[in-house]
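Q: pasting a predicted model and its sequence here:
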Amino acid sequence: MYPDCYIPQRLVKHFRDELTVQEHLGFVVFSEREFGETYGYPFFLRSCAKPLQAALIIDNNLDFTTEEIALCCASQTGEKCHIEIAQKLLQKIGCNESDLKCGIHEPLSERVRKSLIKNDETPTVFHNNCVGKHIMMLALCKKNGWDIENYYELNHPVQQAIKEKIYDLCEITEEDYPITKDGCGVPIFSMPLKNMLKGYLNLFLSTRYQKITKAFREYAYIIGGENRLDTQIMLKSKNLVAKVGADGLIIIVNLDVADGIVIKVLDGDPKAREISALSLIKKLSWANIPFEKDIKTLNGETVGLMKFVMV
């Protein structure tokens, strides 16, 4: 159904003694131009869907603070600041930990993981990086009188409402793009990269959803956390919002110039995504955020270089 002949662009190369030892391919999409032709090939939104989903918080007049909205948009690292917000918000909406169907995994924060091991503790559902969006889904169910037992199923009213909102913001007119389940068990939708960017521009440049934009800018650490690329970009810039998604995806919006970029690294390499994103926003004069690009030995000797090579 979808062409296999999409043409990716070389984004990042690894050099050792001037020899290329790795290449990372992918796509970069601006509002008016696409680098690497996808011919409309769809990719899954993964966690980049979260702020689009959170538009329903505004549409349904949920009584959430800006900080709580940030958690609902977050791929959080399971740090104390995240867990406290999640626990209080779950109690606020009148639900219990057992109502959450996102599953349990180790926290994304290395510091928290080490702390759990040191104290002989196990992760809880609140360490799940998607716990915020699941609490939001439960809140929408409670608000609208929907059953909370199977809120994670595609045919549930809350998932249908999310699909409708995402398709509206992203200007999707086709109904046959693939849908699967994300790692946390809820439906995730696919679309061309250009539609992802349309969705972000329609969301973050809208006065209707300015509380979501405010959540990203004022609570950047809640959006991600320790060593997260989107948090780093927002904390070190004055006008950018950013959100990462699994499989090498990141979407960045410049609020001042009303434009944005989508980067998709095909092999999902997080370092290649970081180098691509930070190199691009520097080239565009959106921000100048330092990053480590040297390849080093275990003794700290520099023996190579990772370089953004997109023309």
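A: Looks like it came in fine.

Q: okay, now residue 129: neighbour count?
A: Residues near residue 129, counting by other CB atoms under 10 Å, number 26. Yep, even glycine has a C-beta here, placed from its N, CA and C like the rest.

Q: and the closest residue to it other than its chain neighbours, what helix or strand is that in?
A: Nearest non-adjacent residue to residue 129, counting by CB to CB, 6 or more residues apart in numbering: residue 75, 4.6 Å away. According to DSSP states H and E, residue 75 maps onto no helix or strand at all.

Q: which other helices and strands contact the worst-scoring helix or strand of the chain on mean pLDDT?
A: Least confident helix or strand of the chain, by mean pLDDT, DSSP states H and E, is strand 34-35 with a mean of 75. If you count contacts as 3 or more CB pairs under 8 Å, 6 or more residues apart in numbering; DSSP states H and E, strand 34-35 packs onto strand 19-30.

Q: which residues of the stretch 201-311 of the chain fall in strands?
A: 240-245, 249-254, 259-265, 294-296, 302-308 (DSSP state E, counting those that start in this stretch).

Q: now the ones you listed as TSV including distance to residue 217 and mean neighbour count?
A: Output for those, formatted as TSV (distance: least, CB to CB, whole Å; neighbours: other CB atoms under 10 Å):
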stretch	distance to residue 217	mean neighbour count
strand 240-245	7	26
strand 249-254	11	25
strand 259-265	15	24
strand 294-296	31	13
strand 302-308	26	15
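
Q: out of these, the one nearest residue 280 is which?
A: strand 259-265 (6.1 Å; CB to CB).

Q: which residues does that closest one contact?
A: The contact list for strand 259-265 (CB atoms under 8 Å, 6 or more residues apart in numbering) reads 11-12, 24-31, 43, 193-194, 196-197, 200-201, 204, 247-254, 272-273, 276-277, 280-281, 284.

Q: make it 7 Å
A: Strand 259-265 has contacts (CB atoms under 7 Å, 6 or more residues apart in numbering) with 11, 24, 26-31, 43, 193, 196-197, 200-201, 248-254, 272-273, 276-277, 280.

Q: what angle sits between it and strand 240-245?
A: Using axes from the mean of the first three to the mean of the last three CA atoms, to 10 degrees, the inter-axis angle of strand 259-265 relative to strand 240-245 is 30 degrees.

Q: who does strand 259-265 pair up with?
A: Using DSSP bridges, the strands paired with strand 259-265 are strand 19-30 (antiparallel), strand 249-254 (antiparallel).

Q: now the longest one: average pLDDT?
A: Mean pLDDT, taken over the full extent of strand 19-30, equals 95.

Q: centre of the chain to it, how far?
A: In terms of CA atoms, centre = their mean, to the nearest Å, the centre of strand 19-30 is found 20 Å from the chain centre.

Q: stretch 266-280 too?
A: 14 Å.

Q: do stretch 152-169 as well
A: Distance, stretch centre to chain centre, for stretch 152-169: 18 Å (CA atoms, centre = their mean).

Q: residues in contact with that stretch?
A: Stretch 152-169 is contacted by residues 49, 52-53, 55-56, 101, 137, 140-141, 144, 146, 150-151, 179, 185-187, 189, 199, 202-203 when judged by CB under 7 Å, 6+ apart.

Q: got the confidence number for residue 5?
A: With respect to pLDDT, residue 5 scores 62.

Q: of the contacts of stretch 152-169, keep whichever come out buried.
A: Among these, those classed as buried by 16 or more other CB atoms under 10 Å are 49, 52-53, 55-56, 101, 137, 140-141, 146, 151, 186-187, 189, 199, 202-203.

Q: out of those residues, which sit inside strands?
A: By the criterion of DSSP state E, membership of those in strands covers 187, 189.

Q: ok, back up a step: can you put the strands of the stretch 201-311 of the chain in TSV and add mean pLDDT?
A: Formatted as TSV, those follow (pLDDT from 0 to 100):
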stretch	mean pLDDT
strand 240-245	98
strand 249-254	98
strand 259-265	97
strand 294-296	92
strand 302-308	94
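
Q: give me phi/psi at residue 309?
A: Main-chain dihedrals, residue 309, degrees, to the nearest 10: phi -120, psi 0.

Q: what's residue 222 in contact with, if anything?
A: Here residue 222 is in contact with 67, 70-71, 74, 76, 81-82, 85 (CB under 7 Å, 6+ apart).
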